[in-house]
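In: Give the three-dimensional model of this entry:
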Amino acid sequence: MECVMSNFPEKISFFATPAHDCNYLPDQQSTTVFADPALPKNRKVHSLLSQHGFRRSGEFIYRPDCQKCHACIATRIPINDFEPSRGQRRTWKKNQDLTTRILPATFDLEHFELYQRYLSMRHANGGMDNPTPESYTQFLFSNWSTTHFIEFRLNKKLAAIAVVDELENALSAVYTFFDPDLGQRSLGKFAILYEIEFARQQGLKWLYLGYWIEACQKMNYKQDYRPQEHYINEQWVRVFEK
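Out: Numbers count the residues shown, from 1 in each chain. Purely as a prediction, here's the structure:
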């Protein structure tokens, strides 16, 4: 179904899915709006849509647009204003023995096998477990985005991968997966801290963190990165001050 997005500055067509079961909240129906799949996409278009609460998944750019629920809130961190908490400083220090490489988005069997292990142990029966190489690439890769795989290793062994898209003035955190046996290192939280620092070094303004749902316990960690901005009523609002 084609739809119109109010207050959108560009002539872009959007298409809405039929209502379907929500992946995050029980007994809720969800509708997703996609930017026209035929639209030629690049970093400029990606950046513009991100500023209006959209997010990339594979080749597609989407955002939730549920008629009876507005729980999914697009979230971003203003890089220059972020200050780590005491616990975040401990997490940063604890992982300084990791070695890091910034890699282009290419299929790597070692990365995929870690992705398989992570989903099977951390998200069993979550709809994404038992991935194939095809589902992995369809989720994380695209032909048009500027995507980096940030590789973290401990004593040469792969510990974590953080996938980020580079926008014109921001980074967008796409997904992070890590060795489930290293849970005590808080690698998911460390990856966000690393992305913030990487964005700072690149002179970028924001790190987009995807969507935050207050009632979803799995997303509680996002509110620990302060201050941040939420996209509410078609504008970015500062929340969670220190």
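In: got the contact list for the residue lying closest to Cys69 once chain neighbours are set aside?
Out: Nearest residue to Cys69, sequence neighbours excluded (CB to CB, 6 or more residues apart in numbering): Gln28, at 5.6 Å. Every residue, glycine included, has its C-beta placed from N, CA and C. When contacts are counted by CB atoms under 8 Å, 6 or more residues apart in numbering, Gln28 is found next to Asp21, Cys22, Cys66, Cys69, Ala71.
In: And for Lys157?
Out: Applying CB under 8 Å, 6+ apart, we find Lys157 in contact with Asp179.
In: Go again with 10 Å.
Out: Remark: with contacts taken as CB atoms under 10 Å, 6 or more residues apart in numbering, Lys157 is in contact with Glu110, Leu114, Asp179, Leu182.
In: any idea how far it lies from Pro84?
Out: With distances taken as CB to CB, to the nearest Å, Lys157 is found 26 Å from Pro84.
In: Equivalent analysis for Glu110, please.
Out: Taking CB to CB as the criterion, Glu110 is separated from Pro84 by 30 Å.
In: Pick out whichever of the two has more residues nearby.
Out: For Glu110 versus Pro84, neighbours defined as other CB atoms under 10 Å are more numerous around Pro84 (16 against 11).
In: low-scoring pLDDT stretches of the protein, where are they?
Out: Low-confidence regions of the chain, defined here as pLDDT under 70, cover residues 1-10, 123-129.
In: change it to 90
Out: Confidence mapping of the chain against pLDDT under 90 gives the ranges 1-12, 23-24, 26-27, 67-68, 121-130, 218, 240-242.
In: how is it carved up into domains?
Out: Each domain of the chain is listed here as a residue range: 2-70, 76-239, per automatic domain parsing.
In: Next, Leu48: phi, psi?
Out: For Leu48, the backbone dihedrals (degrees, to the nearest 10) come out as phi -60, psi -50.
In: Right, I'll leave it there.
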